[in-house]
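Q: Sequence first, then the predicted structure:
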Amino acid sequence: MTQPETINAIILAAVSAKDQAEDDKFSLDAQINDSRAVAEKNGWNVVDVIRIEGHSRNYRTLAQLAAAARENNEPGFDRLIAHFEKQDFDILICRDANRFARKPSLLYEIVDTILEDCGARIYSLSDGMVDANNADMWLMVKGYEIRKQMQWLKTEMQRGRYKLVELGLPMGNEHVWSHMRVRDDKFKTVDFIPDPDKQSVIYEAAQLVVNRVSWRQIEKDLFEMGFAQKNGKPYLTHHFYHVFYNPWFWGDAVRNHTYRQNQSGRSVELWMVDPSVPIPDGVVMYRDKIEPAIKGDLAIKLRAELIRRITSRPRQHRNTHHFSGLLVCGRCGFTMAYHDTGKNIYYECGSKYVASERARCTRKWLIRESEVKAWMNEALRLMIESNHPYLLADPNNEALGETRLQSYYKDLEQIETQIRRIIEKQAHAPESVSSLYDDQIEAFATQREKLLATIQTTEQKQQLVNQGDINLAYRELTTYETLEHFWQDDPGVINQLLHRLMGKRRLAIRDRKVVGTVEYRRRSHR
Ligand SMILES: [Zn+2]
């Protein structure tokens with residue numbers, strides 16, 4: 001019981017680590033000293049001094065706060081709540097309302113508890129005595145201030161975090177599993193690098209992906225190979241799926257991408273691994289900002305396989321066949337599916353069953369596998385003979401044979417030869433006619449400039465194709481003794497290599513024939 005002549009006060013000093021760093025004058029000691037001075041001046045008996053350090057006050061209700069305080073072992077809030085329950089104080093001294101609440105609803109609840117349940121008062125160092133007479137007004141003002149402060153804090157924090165991404169540092173507590181923070185002696189993150197302890201398991205997991213092991217199986221296989229989490233348990237299923245499809249894994253710093261979902265509800269999209277695909281609106285990405293978790297040939301193969309797995313997502317447990325995902329109906333753009341009747345093997349346009357009426361083919365269009373194989377065999381033969389790895393992947397290559405780019409280069413060579421010849425003639429011509437050559441040279445020079453510009457844009461378009469991987473795939477193709485040997489390999493291996501050689505192109509099928517290559521675009525059939 002409180003003695004009538006004694007006024008018992010408790011001092012609440014709270015600070016979050018962030019506040020303290022920002023401003024010293026609100027630091028704990030200063031708060032406590034100022035509060036003690038007030039108590040002394042008024043002759044109040046200080047029964048408890050509660051210091052709350054670096055604890056979030058961002059809770060909505062006292063119950064939430066109490067639960068969190070207990071869980072986090074924050075004795076300060078526990079003690080404050082004990083005082084509320086025992087109602088053993090007359091005045092609570094604090095620096096300001098934001099010392100114990102960062103949400104207006106929590107502030108209201110605490111003030112109500114103190115004033116009504118405990119019959120006590122609040123002394124705010126910045127506003128003076130708060131009691132039943134002015135509590136409503138004070139709450140209104142402080143509630144508004146708190147809201148504003150929170151908004152400001154949020155904006156500032158966000159701004160700071162965005163800056164981190166621009167520097168190639170992770171935002172928030174979560175970051176891609178493959179990397180680790182490097183901190184300075186003040187515990188500040190100064191670098192974000194591939195975690196050396198994870199290199200070997202990443203290497204093995206990448207090998208499994210490249211070898212066509214399913215996402216569901218990879219972590220199990222790794223466990224068999226002796227790779228486990230720190231706690232000895234296997235990595236969670238799909239762990240590496242999420243790691244490999246994270247742009248940070250590949251060295252690209254990115255924000256606003258995790259909660260994005262595309263129409264099909266998938267959180268993984270092609271742009272995350274394929275640099276030639278445009279980044280969706282709202283996502284901010286800084287390419288090649290940090291060291292990637294994987295490099296070299298395996299990185300190129302892994303990326304290609306990740307792209308393949310998205311662009312030709314197999315339905316259910318379908319086996320991979322030679323041309324799975326490579327044939328597109330020339331009428332409706334639908335990917336053609338494999339069928340084996342026992343007698344015939346063919347691919348057919350299935351849009352009849354799936355697509356909306358407007359987009360679908362009204363009849364089933366087919367092509368025999370043998371027909372595709374003959375076409376492809378001829379294409380590969382040409383590819384090897386002319387030593388032209390981009391034969392199938394080149395977006396400028398509407399028909400097989402000489403590419404547009406190659407013909408541009410021939411034109412360029414001719415023009416330059418012409419110019420050289422004229423200049424040579426001009427040098428030996430009498431001075432009186434020398435100026436006549438100038439016009440000719442200038443005309444050719446203009447033509448040359450134009451051609452160079454065309455070549456540049458054409459090349460830029462071509463760079464969209466992942467040339468690194470196409471070269472690598474081509475090298476693999478040439479390791480087969482003959483094309484015969486190639487066709488005898490496992491259908492899955494053949495399919496993967498063809499996918500890589502074709503890049504973003506697919507074979508267009510019309511009237512049971514291959515009519516050329518087209519750029520592949522994912523379509524929705526709804
Ligand atoms: Zn069709």
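A: All right, it came through fine. Residues are numbered from 1 along each chain as shown.

Q: Low-confidence ranges, the stretch 401-526 of the chain, go.
A: 401-406, 458-468, 521-526 (pLDDT under 70).

Q: can you tell me which residues contact the spatially closest residue to Leu392 that is not a sequence neighbour?
A: Excluding the flanking residues, the one nearest Leu392 by C-beta to C-beta, 6 or more residues apart in numbering is Met502, at 4.7 Å. (Glycine included, C-beta is placed from N, CA and C.) Residues in contact with Met502 (C-beta atoms under 8 Å, 6 or more residues apart in numbering) are 326, 392-393, 517.

Q: Rebuild these as TSV, extending it with secondary structure.
A: Listed next are those as TSV, based on DSSP: H, G, I helix; E, B strand; the rest coil:
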residue	secondary structure
Leu326	coil
Leu392	coil
Ala393	coil
Thr517	strand
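
Q: And those residues, which is closest to Pro430?
A: Nearest to Pro430 among those: Ala393, at 53.9 Å, using C-beta to C-beta.

Q: Give me the nearest residue to that closest one, chain neighbours excluded.
A: Spatially, and ignoring its direct neighbours in sequence, Ala393 is nearest to Gly503 (3.4 Å; C-beta to C-beta, 6+ apart).

Q: Need the phi and psi values for the one you found.
A: Phi and psi for Gly503, reported as degrees, to the nearest 10, are phi 60, psi -120.

Q: measure it to the ion for me?
A: 23 Å (C-beta to the ion, to the nearest Å).

Q: Glu291 against Gly251, yeah?
A: Yes - the pair Glu291 / Gly251 is scored as a contact, 6.1 Å apart, by C-beta atoms under 8 Å.

Q: Can you give me the buried ones in the helix or strand hosting Gln151?
A: Here Gln151 sits within helix 135-166, counting by DSSP states H and E. Neighbour-count burial for helix 135-166 flags 135, 138-139, 142-143, 146, 164-165 (criterion: 16 or more other C-beta atoms under 10 Å).

Q: Can you work out which other helices and strands pack against it?
A: helix 104-112, strand 253-255, strand 284-286 (3 or more C-beta pairs under 8 Å, 6 or more residues apart in numbering; DSSP states H and E).

Q: Tell me the buried residues in stretch 473-491?
A: 473-474, 476-477, 480, 483, 486.

Q: Straight-line length of that stretch, end to end?
A: 16 Å (C-alpha to C-alpha, to the nearest Å).

Q: ok, residues contacting it?
A: So stretch 473-491 is contacted by 304, 319-322, 373, 377, 380-381, 383-384, 389, 494, 497, 500-501 (C-beta under 8 Å, 6+ apart).

Q: which of these has the weakest pLDDT?
A: Within the contacts of stretch 473-491, pLDDT reaches its minimum at Asn319, with 62.

Q: pretty sure Ile50 contacts Leu28?
A: No - Ile50 sits out of contact with Leu28 when judged by C-beta under 8 Å, with a separation of 10.3 Å.

Q: if I look at the residue nearest to Leu392, how far off is the ion?
A: 19 Å.

Q: Show me what from this protein comes close to the ion.
A: Residues of the chain lying close to the ion (C-beta under 5 Å from the ion) are 329, 331-332, 334, 349, 351, 361.

Q: out of the residues you listed, which is most surrounded?
A: When the residues of the chain next to the ion are compared by neighbour count (other C-beta atoms under 10 Å), Cys349 ends up highest, at 26 neighbours.

Q: Run through the bridge partners of it.
A: Taking DSSP bridges as the rule, Cys349 bridges to Met336.

Q: Phe100 contacts Ile11, correct?
A: No - the criterion here is C-beta under 8 Å, and Phe100 misses it with Ile11 at 11.8 Å.

Q: where do the contact lists of these two overlap?
A: In contact with both Phe100 and Ile11: Cys94, using C-beta under 8 Å, 6+ apart.

Q: just to revisit the earlier point, comparing Glu291 and Gly251, which shows the higher neighbour count?
A: Gly251 (20 against 13).

Q: In contact with the nearest residue to the more buried one once chain neighbours are set aside, which residues?
A: Of all residues not flanking Gly251 in the chain, Pro292 sits nearest, at 3.7 Å (C-beta to C-beta, 6+ apart). Contacts for Pro292 (C-beta under 8 Å, 6+ apart) come out as 194, 249-251, 299.

Q: which one of these sits closest to the ion?
A: Distance to the ion across the contacts of Pro292 (C-beta to the ion) is lowest for Trp250, with 35.1 Å.

Q: Give me the spatial nearest neighbour of the closest one, chain neighbours excluded.
A: Excluding the flanking residues, the one nearest Trp250 by C-beta to C-beta, 6+ apart is Pro292, at 5.1 Å.

Q: Just the pLDDT at that neighbour, thanks.
A: Confidence score, pLDDT, at Pro292: 96.

Q: Over to Gly251?
A: Note on Gly251: pLDDT of 95.

Q: and it, what is it in contact with?
A: So Gly251 contacts 287-293 (C-beta under 8 Å, 6+ apart).

Q: export the contacts of Pro292 to CSV and tack on secondary structure and distance to Val277?
A: Output for the contacts of Pro292, formatted as CSV (DSSP: H, G, I helix; E, B strand; the rest coil; distance: C-beta to C-beta, whole Å):
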residue, secondary structure, distance to Val277
Pro194, strand, 24
Phe249, helix, 16
Trp250, helix, 13
Gly251, coil, 16
Ala299, helix, 18
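
Q: after the worst-scoring helix or strand of the chain on mean pLDDT comes which helix or strand?
A: Sorted by mean pLDDT, DSSP states H and E, the helices and strands of the chain end with helix 17-22, the least confident at a mean of 48. Next along the chain after helix 17-22, taking DSSP H and E as the criterion, comes helix 28-42.

Q: Flag every buried residue along that following helix.
A: Neighbour counts using 16+ other C-beta under 10 Å place 28, 30-32, 34-36, 38-39 of helix 28-42 among the buried residues.
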